[in-house]
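In: Sequence plus predicted model, see below.
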Amino acid sequence: MSGQPSRYLLDVHTVLALLDPTHVFHDAAHAWAEADPDSRWLTCPIVQSGVLRVASQPRDTNSLDTVSAVRDLVRAFTAHPGHEFLADDVTLLDDRIVRPERLTPASTTDVYLLLLAQQHGAKLATFDRRLPVDAIDGGTEAIEVIGV
């Protein structure tokens, strides 16, 4: 690779897969990460909050711990020198970029993250193969689907 390092906005499940050794995609996430060790990993408030919510569910078999303990884990993850924080500064209400007819209730958060990544010159790193990338202009170029 030449020039700037690759930049990836990680979705909730990608962060969970990286953090949780029992996650079904843990090995795939680490293989993907190791293939581009100079890349920058980005998170945003939605992703960080989603990781806290999912990873601290006491009834979930993949629960990592309490909210407080998961906060510490996420804090350590985001303290890595290869991490960048993105503010939630885009909107799905922008008809110049978003194709609202392609949005569904189930896809809004994922499309939002795709838009956020795209608007910041990054790619959304996800395991989700069903994300409607055509819901935003340039969506196809702004996604990195991690192989399993």
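Out: In hand now; what should we look at?
In: residue ranges of the helices in the chain, please?
Out: Using DSSP state H, the helices assigned to the chain run over residues 12-19, 26-35, 45-55, 67-78, 108-119.
In: Please work out the angle formed by the directions of the first one and helix 26-35.
Out: Using axes from the mean of the first three to the mean of the last three C-alpha atoms, to 10 degrees, one finds that helix 12-19 and helix 26-35 are set 90 degrees apart in direction.
In: From the contact counts, what lies against helix 12-19?
Out: With contacts defined as 3 or more C-beta pairs under 8 Å, 6 or more residues apart in numbering; DSSP states H and E, the packing partners of helix 12-19 are helix 26-35, helix 45-55, helix 67-78, strand 123-126. Just so you know, the C-beta spots here come from the backbone N, C-alpha and C atoms, and that holds for glycine as well.
In: let's go with 6 Å and repeat that
Out: helix 26-35, helix 45-55 (3 or more C-beta pairs under 6 Å, 6 or more residues apart in numbering; DSSP states H and E).
In: Pick the most deeply packed of those helices.
Out: By mean neighbour count, with neighbours taken as mean count of other C-beta atoms under 10 Å, helix 45-55 ranks first of the helices and strands packed on helix 12-19 at a mean of 18.
In: what does it contact?
Out: With contact meaning C-beta atoms under 6 Å, 6 or more residues apart in numbering, helix 45-55 is reached by 12, 15, 64, 67, 70, 74, 88.
In: List the residue ranges of this protein that fall below the pLDDT cut-off.
Out: Within the chain, the segments meeting pLDDT under 70 span 1-2, 60-63.
In: same thing but 90
Out: Within the chain, the stretches falling below the threshold (pLDDT under 90) are 1-4, 22, 56-66, 147-148.
In: hang on, the earlier thing: dump the helices of the chain to TSV, plus distance to residue 6.
Out: Listed next are the helices of the chain as TSV, based on distance: least, C-beta to C-beta, whole Å:
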stretch	distance to residue 6
helix 12-19	14
helix 26-35	10
helix 45-55	18
helix 67-78	18
helix 108-119	11
